[in-house]
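Undergrad: what shape does this take:
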Amino acid sequence: MDKTIFVTGSSRGIGKAIALYLAENGYNIVLHCNKNIEMLKDVQKIIEQKGVQVRILQFDIKNRKECNEKIAEDINKNGVYYGVVLNAGIAKDSPFPAMEDDFWDSVIDTNLGGFYNVLKPIVMPMIQNRLGRIITMSSISGLTGNRGQVNYSASKAGIIGATKALSRELAKRKITVNCVAPGIIDTDMISDIPENIINELVPMKRSGTTKEVASLINYLMSEDAAYITGQVISVNGGMYL
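TA: Okay, here's the model as predicted:
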């Protein structure tokens with residue numbers, strides 16, 4: 001296998017798990033972070049031991065100029081990506097009446113703006129290659145909404161709409177575009193949620209694992225998933241939608 005997958009936000013959590021799982025399955029990996037470069041280098045060292053190629057890109061996904069320059073340079077130097085996982089994102093939670101303007105702007109500009117900024121320099125090379133896999137990361141908050149997360153829910157719902165529209169544009173080029181919407185996954189982001197609350201919200205009575213998300217990403221990247229596009233798949237243990 002000589003296919004390269006770019007995973008944004010891959011220094012920790014779900015993004016790290018995705019990068020490691022894909023590397024274990026033979027894909028070359030382009031790692032990405034904005035600030036956590038030392039953590040990302042640790043992930044790079046682990047992947048290097050798996051016998052695949054790995055390199056690092058560092059930039060802020062809400063900075064359009066930086067995205068275009070760094071990604072275009074990497075593609076020109078190393079070739080077209082087979083796949084991309086848009087995992088990077090932020091959350092700044094607040095009740096809507098008390099929400100600061102920056103909380104709204106930064107979450108929308110990063111999560112939804114990042115969709116455009118990252119994919120814009122990637123899609124045309126994929127079209128010319130007539131092959132590709134694009135996987136976006138939404139959230140159950142983008143499907144159902146969540147109190148205190150009007151900004152985050154809006155950004156993640158927007159990603160769902162953008163994913164569905166882009167899938168229609170790219171289908172005839174043999175490029176699939178799908179969305180994964182995790183529920184409560186065992187990462188640092190849920191460390192403050194009491195276990196009894198998780199048990200109440202999730203019919204399976206537990207949080208999901210990053211590996212359970214990563215394995216779905218790996219399947220959607222495979223040839224077996226070539227006829228799946230425009231879909232939103234939620235990994236959520238049966239949480240009510």
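
Undergrad: and the pLDDT at the residue nearest to I37 when sequence neighbours are not counted?
TA: With sequence-adjacent residues excluded and distances taken as CB to CB, 6 or more residues apart in numbering, I37 is closest to Q58, at 5.8 Å. C-beta: built from backbone N, CA, C; applies to glycine. Listed pLDDT for Q58 reads 98.

Undergrad: and the residue nearest to S141 when sequence neighbours are not counted, helix, strand or coil?
TA: If the residues on either side of it in the chain are set aside, S141 comes closest to S153, at 4.6 Å by CB to CB, 6+ apart. The three-state assignment at S153 reads helix, by DSSP: H, G, I helix; E, B strand; the rest coil.

Undergrad: what about the strands in this protein?
TA: For the chain, the strands defined by DSSP state E cover 4-7, 28-33, 54-58, 83-86, 132-137, 175-182, 232-235.

Undergrad: could you dump the ones you listed to CSV with mean neighbour count and distance to S207?
TA: Shown next, in CSV, are those (neighbours: other CB atoms under 10 Å; distance: least, CB to CB, whole Å):
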stretch, mean neighbour count, distance to S207
strand 4-7, 25, 22
strand 28-33, 24, 24
strand 54-58, 17, 28
strand 83-86, 26, 21
strand 132-137, 25, 17
strand 175-182, 24, 10
strand 232-235, 19, 11
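
Undergrad: any chance of those in a markdown table, plus distance to M221?
TA: Below are the strands of the chain laid out as a markdown table (distance: least, CB to CB, whole Å):
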| stretch | distance to M221 |
| --- | --- |
| strand 4-7 | 7 |
| strand 28-33 | 12 |
| strand 54-58 | 16 |
| strand 83-86 | 5 |
| strand 132-137 | 5 |
| strand 175-182 | 9 |
| strand 232-235 | 13 |
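
Undergrad: nearest to G208, of those?
TA: Of all these, it is strand 232-235 that lies closest to G208, at 5.7 Å by CB to CB.

Undergrad: so for the residue sitting nearest the centre point of the chain, what's the pLDDT?
TA: Among the residues of the chain, the one closest to the centroid is N87, at 2.0 Å (CA atoms, centre = their mean). Predicted confidence (pLDDT) for N87: 98.

Undergrad: ok, it - contacts?
TA: Taking CB atoms under 8 Å, 6 or more residues apart in numbering, we find N87 in contact with V7, T8, G9, S10, I14, G15, I18, M137.

Undergrad: residues contacting the lowest-mean-pLDDT helix or strand in the chain, please?
TA: Here the helix or strand of the chain ranked lowest by mean pLDDT, DSSP states H and E is helix 195-201, holding a mean of 83. By CB under 8 Å, 6+ apart, the residues outside helix 195-201 that reach it are I184, I190, K205, R206, S207, M239.

Undergrad: wait, isn't the fifth one in contact with M189?
TA: No: proximity of S207 to M189 does not meet the contact threshold set by CB atoms under 8 Å, at 10.5 Å.

Undergrad: what about the two, which has more around it?
TA: The residue with more neighbours, out of S207 and M189 and counting by other CB atoms under 10 Å, is S207; that gives 20 against 12.

Undergrad: what's the local residue count around the residue lying closest to I71 once chain neighbours are set aside?
TA: Spatially, and ignoring its direct neighbours in sequence, I71 is nearest to P121 (4.5 Å; CB to CB, 6+ apart). Residues lying near P121 (other CB under 10 Å) number 19.
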